[in-house]
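Participant: Give me a model of this one.
(one chain, ligands or ions: 2)
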Amino acid sequence: MAEPVLEVHDLHVTFTTEGGLVPAVDGIDFAVAPGETLAIVGESGSGKSVSSAAVMGLLPSNAEVTGEVLLDGRELIGLPGDELRKIRGNDIAMVFQDALSALNPYYSVGWQVAEAYRLHHDVSKKKAHQRAIEMLDKVGIPDAVRRADSYPHEFSGGMRQRVVIAMALVNDPRVLIADEPTTALDVTVQAQIMRLLDDVQAEFGTALVLISHDLGVVAEVADDVLVMYAGRAAERGTVRDIFFRAAHPYALGLLGAMPRVDVPPKPRLTTIPGTPPTPGSITTGCPFQPRCAYTHLVGERCITERPELTPRPGEGDHEAACHLGRRPEVLL
Ligand SMILES: Nc1ncnc2c1ncn2[C@@H]1O[C@H](COP(=O)(O)OP(=O)(O)OP(=O)(O)O)[C@@H](O)[C@H]1O
Ligand SMILES: [Mg+2]
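Facilitator: Ligands and ions are numbered 1, 2, ... in the order given. Here you go, the predicted model:
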């Protein structure tokens, strides 16, 4: 991989709640280089959003974060609030799933994009407004000069998501984290938004961290893939490693049986029987063990010993956290 712009090492996030400690993220590592896309996939509750909020320094005060989040080698964890605010929205930006909640209903979209720019640039309102129009135009809002004066509710869902993307990109961030950026949109619009992100990335060399349930999109745009399960990495590798050589039974389950080179990947994550453990409920052994169809091939170890990410022999940086140590024959 080229020199990464964002590196995350051994990230842990633990929430203190009335019910006790919730270890939502339990030691994950990833990195992304300029112009590259890392996709993070996994079922609901696996810790994808909490991980990205930790990178952005946006977790509530009941969260304890440990590990390293390095932006160009600079540690972000523990930075004072004002330092973080200089970085957030400027060097690292984020697009959330729900465009409507990211926008203020009482201000025109042009004003909101302009303000996002003025937060990090000491320019006149007029200059910022011009910049906003330029960005709205860039993300494909037709007639941007006029539409800049419209309010969020006057836009369709897809157009609102474009506004949110314009706001995220207005300061030319080096890293963009997109958390399910297209889930709320219909299929055609999803494709348009993904194409937009792809174009922007090609033009600006943005490093993209894409959280997605859509394996069709992941297969198309990702360079690397991290498969999360219960706050940990089950498997990671290049997009080809994951789609053609997946080794972890959980990853295989998500892909819905062994993908074949001659068949396009399934568009959505497949439903795996059973439910994921609640954070902290599995303290020994493999968190996936209760749902795994291959435990009998390994035995006790799956229950007593937690599998660590281990390189797949002869497959470069491809790693899986499974005691089986080989690709299982697929039962599905
Ligand atoms: N503020 C919080 N306090 C306590 N627990 C939390 C808090 N925020 C998230 N969690 C827990 O952390 C775990 C991971 O949540 P997260 O939102 O990262 O999942 P996710 O992978 O993004 O899921 P989804 O696909 O549904 O978006 C969940 O068990 C969730 O309940
Ligand atoms: Mg989420």
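Participant: In the stretch 151-300 of the chain, what residue lies closest to ligand 1?
Facilitator: Proximity of the stretch 151-300 of the chain to ligand 1 (C-beta to the nearest ligand atom) peaks at residue 279, 4.8 Å away. Every residue, glycine included, has its C-beta placed from N, CA and C.
Participant: Strands along the stretch 201-332 of the chain, start to end?
Facilitator: Taking DSSP state E, counting those that start in this stretch as the test, the strands found in the stretch 201-332 of the chain are 207-211, 224-229, 232-238, 310-311, 319-320.
Participant: Near ligand 2, which residues of this protein? Just list them.
Facilitator: Applying C-beta under 5 Å from the ion, one finds that the chain approaches ligand 2 through 48, 49.
Participant: Try it again at 6 Å.
Facilitator: Residues of the chain found near ligand 2, taking C-beta under 6 Å from the ion as the criterion, are 48, 49, 179.
Participant: which stretches of the stretch 1-150 of the chain form strands?
Facilitator: Under DSSP E, counting those that start in this stretch, the stretch 1-150 of the chain gives strands at 6-17, 20-32, 37-41, 63-71, 74-75, 92-95.
Participant: Using TSV, please lay out these together with distance to ligand 1.
Facilitator: Rendered in TSV, the data for the strands of the stretch 1-150 of the chain read as follows (distance: least, C-beta to the nearest ligand atom, whole Å):
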stretch	distance to ligand 1
strand 6-17	4
strand 20-32	3
strand 37-41	8
strand 63-71	7
strand 74-75	22
strand 92-95	13
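Participant: got TSV for the ones you listed, with mean neighbour count and mean pLDDT too?
Facilitator: Compiled in TSV, the strands of the stretch 1-150 of the chain are given as follows (neighbours: other C-beta atoms under 10 Å; pLDDT from 0 to 100):
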stretch	mean neighbour count	mean pLDDT
strand 6-17	18	97
strand 20-32	19	96
strand 37-41	25	97
strand 63-71	16	97
strand 74-75	10	96
strand 92-95	24	95
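Participant: For the ones you listed, please prepare JSON lines with the additional fields distance to residue 166.
Facilitator: Converted to JSON lines, the strands of the stretch 1-150 of the chain look like this (distance: least, C-beta to C-beta, whole Å):
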{"stretch": "strand 6-17", "distance to residue 166": "22"}
{"stretch": "strand 20-32", "distance to residue 166": "22"}
{"stretch": "strand 37-41", "distance to residue 166": "20"}
{"stretch": "strand 63-71", "distance to residue 166": "22"}
{"stretch": "strand 74-75", "distance to residue 166": "27"}
{"stretch": "strand 92-95", "distance to residue 166": "10"}
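Participant: Which one of those strands lies nearest to residue 253?
Facilitator: Between residue 253 and the strands of the stretch 1-150 of the chain, the shortest separation by C-beta to C-beta is 11.7 Å, and it involves strand 37-41.
Participant: Neighbouring strands of that closest one in the sheet, and parallel or not?
Facilitator: strand 207-211 (parallel), strand 224-229 (parallel) (DSSP bridges).
Participant: which one of these lies closest to residue 328?
Facilitator: When these are compared by C-beta to C-beta, strand 224-229 sits nearest residue 328, at 15.2 Å.
Participant: So what touches that closest one?
Facilitator: Under the contact criterion C-beta atoms under 8 Å, 6 or more residues apart in numbering, strand 224-229 has outside partners 1, 28, 30, 32, 36-43, 46-48, 51, 218, 233-239, 241-242, 248, 250-251, 254, 276, 287-288.
Participant: what about the stretch 51-200 of the chain, any weak spots by pLDDT?
Facilitator: Counting by pLDDT under 70, the stretch 51-200 of the chain contains no low-confidence residues.
Participant: What residues does this protein have near ligand 1?
Facilitator: By the rule C-beta under 6 Å from any ligand atom, the part of the chain lying against ligand 1 is 15, 17, 22, 24, 42, 44-50, 60, 279.
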